[in-house]
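A.B. asks: Provided below are the primary sequence and the corresponding predicted coordinates.
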Amino acid sequence: WDRLGMSWDLYTETGTANHYRITQDFFLTLYEKGYIYKDTMQSPYCPTDRRFLPDRYTEGTCPICGYPSARGDQCDNCGHTLDPIDLIDPRCRICGSKTSKLEMRMTEHFFLDLPKLQQPLLEWLSQEKDHWRQNTIGFAMNWLKDGLRPRPITRDLDWGVPIPLDGYEDKRIYVWFDAVIGYFSASVEWAEKQGTPEAWKTWWVPEQTHPPVKSYYFIGKDNIPFHTIIWPAMLIGYGNRNLPYDVPANEFMTMSGAKASSSRGNVIWTRDVLDRYNADTLRYYLSATAPEGRDTDFTFEEMIRRNNDELVATYGNAVHRTLTFLQSKFGGVVPQPQALREADREILAEVERSFGLVGHNIALCHFKDGLNAAMTVARAANRYLDEQAPWKQIKVDRDAAGTTIYVMLQVISALRILFCPYLPFSSQKLHGYLGFEGDVSKMHWHTEEVPAGKTLPAPTPLFPKLEEPAVV
């Protein structure tokens, strides 16, 4: 994670005693309020293994899209949630037997009564969701339009969170119910480890969050129903808990045209990529091609092209031309500017506007648009530099050339901040090239002057030019 420029306040799992306790509290509260009830259902049973099968251990053909390897809880191809009984020609993934047909046997389980929660869910989803991505809100509303069905939340298992009621020792709360509770239980664990055990309330209890907390759930589109329907329904049923502010769900990023999936073996491991490529190159490519509105395809050829054409030839070019000219013609000392010309004022005004534009897009989770807005400034910087041509100005008017370089230094100072959320390593490097100290990510969201008279160190290129793809 450090190699990617990422960090966290807490790393936890859903197997902790804290998570078990909180999951059981959710279960009992919803049960006592009438949102969980008991009923019988048909569940897949493998006569070869002589056991009931959890959803993920059942595989068959999707009844919706015909995908032959759909799981008992969801089709990875079309994204629809399923029940094992929905599958065509279901089979056991444990023994893989094609001769021993699965049986559907009756068994008692607990159900989340989603129909009871449909109306409050509809009211919530109908309020102030203009900032949601269309694929997310559309998927959720279609679920409601089709009518919610009760969902079984327990399975015949000997692992997982025990049911906190007597007589059900051979059953467990199933993972799709307890996994989303992990957001809440992690907050409680974090607060306890901070030595402030009540601090979780500032994130989850509405009357203790002023201004209101905005919680963002970054997921893939196959998890939309769990985060826009099931988890909000659980929170509404539990009562007095903050609901998601935004659920920025991405479409699929495919690899060679197939969905990236570690369980299917169609995956490229991040650590292998980082062994061969710069972290900011990977971060830039994934941000620029993120499947925010449609599926995209990952290729090393395209990643290298974008690195060379955009990071090296555009952003890196503006930075390197400015800093090397400063070293060769001004001895690395930031020149004193003369009265600003119209072109100077225009580029600086564009820089000032870009902070609002990039920041606004990031706040809306329009990360591609935010990145494009930052790169637009880099392109404008190159145009400004070409038009002013300080290599020509210096032959006839050294002060004019100095003003151009001074203005460019202010522009690239802004770029290190604008690109920082996307490219933290190169922003930190540029931070040092411009004579600043400390962590660039701690800087305020506005430009900071590179003062005249300051001596800057000799630079090296921000980004390496890449050759043909390495095999990962």
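C.D. replies: Looks like it arrived, so ask away. Numbering: from 1, shown residues only.

A.B. asks: Please enumerate the strands of the stretch 151-300 of the chain.
C.D. replies: 151-152, 154-155, 161-162, 172-173, 219-220, 249-250, 253-255, 258-259, 296-298 (DSSP state E, counting those that start in this stretch).

A.B. asks: what's the average pLDDT for the last one?
C.D. replies: Spelled out, that is strand 296-298. Averaging the model's pLDDT scores along strand 296-298 yields 92.

A.B. asks: give the contact list for the residue nearest to Val267 when sequence neighbours are not counted.
C.D. replies: Of all residues not flanking Val267 in the chain, Ala260 sits nearest, at 5.6 Å (C-beta to C-beta, 6 or more residues apart in numbering). Where you see a C-beta, it was placed from the backbone N, CA and C, and this is true even at glycine. By C-beta atoms under 8 Å, 6 or more residues apart in numbering, the contact list for Ala260 reads 252-254, 266-268, 298.

A.B. asks: In the stretch 1-150 of the chain, mark out all the strands, start to finish.
C.D. replies: Using DSSP E, counting those that start in this stretch, strands in the stretch 1-150 of the chain cover 36-46, 51-52, 58-61, 70-71, 88-92, 103-112.

A.B. asks: Give me whichever of those is most buried.
C.D. replies: Sort the strands of the stretch 1-150 of the chain by mean neighbour count, taking mean count of other C-beta atoms under 10 Å, and strand 70-71 sits at the top with a mean of 24.

A.B. asks: What separation do you get for the residue nearest to Val267 and Tyr183?
C.D. replies: Counting by C-beta to C-beta, to the nearest Å, the gap between Ala260 and Tyr183 amounts to 24 Å.

A.B. asks: again, but for Trp132
C.D. replies: 18 Å.

A.B. asks: Settle it for me: which of those two has more neighbours?
C.D. replies: Trp132 (21 against 16; other C-beta atoms under 10 Å).

A.B. asks: Could you pull out the helices in the stretch 1-150 of the chain for me?
C.D. replies: 17-32, 114-125, 134-146 (DSSP state H, counting those that start in this stretch).

A.B. asks: Can you give me the buried ones in the second one?
C.D. replies: Put plainly, it is helix 114-125. 114, 116-118, 121, 124-125 (16 or more other C-beta atoms under 10 Å).

A.B. asks: In terms of secondary structure, what does that helix contact?
C.D. replies: helix 134-146, helix 231-238 (3 or more C-beta pairs under 8 Å, 6 or more residues apart in numbering; DSSP states H and E).

A.B. asks: Also the first one?
C.D. replies: Of the remaining helices and strands, those touching helix 17-32 by 3+ C-beta pairs under 8 Å, 6+ apart are strand 36-46, strand 103-112, strand 161-162, strand 172-173, helix 175-193, helix 231-238.

A.B. asks: Now the longest one: buried residues?
C.D. replies: Spelled out, that is helix 175-193. In helix 175-193, counting by 16+ other C-beta under 10 Å, buried: 175-178, 180-191.

A.B. asks: In CSV, list the strands of the stretch 1-150 of the chain along with distance to Leu28 and mean pLDDT.
C.D. replies: Below are those laid out as CSV (distance: least, C-beta to C-beta, whole Å; pLDDT from 0 to 100):
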stretch, distance to Leu28, mean pLDDT
strand 36-46, 9, 92
strand 51-52, 24, 87
strand 58-61, 29, 90
strand 70-71, 29, 90
strand 88-92, 33, 89
strand 103-112, 11, 93
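
A.B. asks: This completes my enquiry, with thanks.
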